[in-house]
Structure formats: C-alpha cells, structure tokens
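1. Fold the following, please.
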Amino acid sequence: MIKKHLPLCPVSRTAFIIGSRWTSEIIRELVDHGPRRFSDLEAALVGIAPNTLSNRLKMLEDHSVVERKIYDTHPPRSDYRLTARGEKMRPIIDAMRNWGRSKPSP
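-> Predicted coordinates:
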C-alpha cells in the first residue's frame, strides 16, 4: 500500500505499518542490535521466508522507518538500520515487550 492510502487515524497508521507479521520483530532486532545485514536478520528471525523479509524491509524503507546502507566494497555489502523516524519506535517496542512480559490480572 502506498503512503497516500494510509488510514487517517494515527493509531491505525502505526498499526498498519508495524502490524504485519514479522514487521515488529524486524524493528525489535534493529532496536536491540543496531544495523544488521539481511543474513543476520534472517538468522535471528527463525522461520521467516527470505521473500517475506525482503518485502517487509522494502515496506519499512518506503515508510522511512528503515534505511539500507550500501558499502562500496567487493563483494558488495549492505545493512539495514533504523532512520531517525524508526528510532522513535524504540519506546513502542519497549512498551510491547513490557506488556508481553506482564502477567494478566485475575
């Protein structure tokens, strides 16, 4: 979905971007470990298909949450890192982690 078709509600927009399967886990990996190569993300996210990882990273790039840095080396190397906008998701990921660790009230 293109940016101009995002929901108007800010909560819905956020949920749309991070609510897809694996997306919050990708962001969590970048929050917890900093820049990661594709293969590092693939190894950390056991069970994710390479095409799914690629699609989620592209979507996060399209929404300026993640950027891909390409290094001028041989062989070519690149990594993914949070943008300034993506860094603002750190408290969201932390809140999700804390909520997930809490026990339900009786």
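
2. give the contact list for the most centrally placed residue in the chain.
-> Residue closest to the mean C-alpha point of the chain, counted by C-alpha atoms, centre = their mean, is Ile27 at 3.0 Å. Ile27 makes contacts with 18, 60, 65-66, 82, 86, 89, 93, as judged by C-beta atoms under 8 Å, 6 or more residues apart in numbering. (Glycine included, C-beta is placed from N, CA and C.)

3. roughly how far apart are it and Tyr71?
-> For Ile27, the distance to Tyr71 (C-beta to C-beta, to the nearest Å) stands at 22 Å.

4. By mean pLDDT, point me to the weakest helix or strand of this structure.
-> helix 10-18 (a mean of 87; mean pLDDT, DSSP states H and E).

5. what about the helices in this structure?
-> 10-18, 23-33, 38-44, 50-62, 84-87, 90-101 (DSSP state H).

6. want to try CSV for these, with distance to Ser78 as columns?
-> Formatted as CSV, the helices of the chain follow (distance: least, C-beta to C-beta, whole Å):
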stretch, distance to Ser78
helix 10-18, 22
helix 23-33, 14
helix 38-44, 7
helix 50-62, 11
helix 84-87, 16
helix 90-101, 23
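
7. Pick the most buried one from these.
-> Of all these, helix 23-33 has the most neighbours on average by mean count of other C-beta atoms under 10 Å, namely a mean of 19.

8. Just want the angle from that helix to helix 50-62.
-> Computed by axes from the mean of the first three to the mean of the last three C-alpha atoms, to 10 degrees, the angle separating helix 23-33 from helix 50-62 equals 70 degrees.
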